[in-house]
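Participant: Starting from these lines, generate the structure:
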Amino acid sequence: MDTVLQLIKPEIESTIKRLDLKAFDPDPIAGPHFSKITSVMSSAYKRHGYILERAILETLRQCPHFEVWHDPMFQVPSAVDHIVAGSILYPTKLIGTDYPYSEGNRTLQVDAIVFNKQTGTLGAYEIKRGSGLHDSGKRLQMLENALCVQVLLKSYAKQRGLEPKEAFSHVIFFYGKCSIPKPFCITGAEMDEHFSWPVYESVEEVNKYFQGRLFSILAGAH
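Facilitator: Reported below is the predicted structural model:
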């Protein structure tokens, strides 16, 4: 079986090539050298988010008793938005709420959905770098989205032919700066315990490779 790094390395190399060829306008104060570094790093932060998602997803897929997928079009009916809005001050009260999953007025991207076939537990995860805290508006939006998924998750699973005993929605903040409260957030350092499967080191191997390749093009910036 290929390692997670081997699976993702071609995508990293493609990303590095695009970053190295990225066009930029030199700033009058920074000059071409530092302007390129600033431009490349700004784009690298955004692209690292996707690499991080892939690394976590592929690491979880290595576990033989996990069924793992992602859903870019998770449906959210307007009624669920109303339910969540009415409980936003007491979000843990929504744990255990089960609303029928159906076509909605909006959709969410769920980065990873994991069904543990041994325990019958289903988890849905949005993945964030978590290197800094978000503003209050973004925090509220992330919590609302996590709660909408929470309310719909069991019904969603049943429509896929699964019968989860428990279902939970979380946001993973890999670098530890959590913008929503427990129990709806997980840090990178907590993933191994949460999944009962080694995740962190595999993902860090990918991160270190991407960092090394990124530094190599920055060292040659001129």
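
Participant: Is it correct that His170 falls within a strand?
Facilitator: Yes: under DSSP: H, G, I helix; E, B strand; the rest coil, His170 sits within a strand.

Participant: pretty sure it contacts Tyr125?
Facilitator: Yes: using Cβ atoms under 8 Å, His170 is in contact with Tyr125, at 5.3 Å. C-betas here are computed from N, CA, C, even on glycine.

Participant: Comparing these two, which residue is more hemmed in?
Facilitator: Legend: neighbour count by other Cβ atoms under 10 Å for His170 and Tyr125, higher for Tyr125 (26 against 22).

Participant: separation between the more buried one and Gly220?
Facilitator: 36 Å (Cβ to Cβ, to the nearest Å).

Participant: Equivalent analysis for Arg106, please.
Facilitator: 44 Å.

Participant: Which one's more surrounded, those two?
Facilitator: Set Arg106 next to Gly220 and count neighbours by other Cβ under 10 Å: Arg106 wins out with 13 against 9.

Participant: what about Glu190, neighbour count?
Facilitator: Neighbour tally, Glu190, other Cβ under 10 Å: 16.

Participant: middle-most residue in this protein, spatially?
Facilitator: Ile127 (1.4 Å; Cα atoms, centre = their mean).

Participant: did I read that right, it in a strand?
Facilitator: Yes: applying three-state DSSP, one finds Ile127 inside a strand.

Participant: For it, which non-adjacent residue is spatially closest?
Facilitator: Asp111 (4.3 Å; Cβ to Cβ, 6 or more residues apart in numbering).

Participant: so how far is Ala146 from that neighbour?
Facilitator: In terms of Cβ to Cβ, Asp111 sits 12 Å off from Ala146.

Participant: anything in contact with each of the two?
Facilitator: The contact sets of Asp111 and Ala146 overlap at Glu126 (Cβ atoms under 8 Å, 6 or more residues apart in numbering).

Participant: Show me what the worst-scoring helix or strand of the chain on mean pLDDT packs onto, helices and strands only.
Facilitator: When each helix and strand of the chain is scored by mean pLDDT, DSSP states H and E, helix 31-61 comes last, with a mean of 92. Contacts defined by 3 or more Cβ pairs under 8 Å, 6 or more residues apart in numbering; DSSP states H and E place helix 31-61 against helix 4-20, strand 66-76, strand 106-116, strand 121-128, helix 200-219.

Participant: any weak-confidence spans in the protein?
Facilitator: The chain contains residues with pLDDT under 70 at 1, 221-222.

Participant: Which residue is most remote from the mean position of it?
Facilitator: The chain, farthest from centre, Cα atoms, centre = their mean: Pro28 at 36.8 Å.
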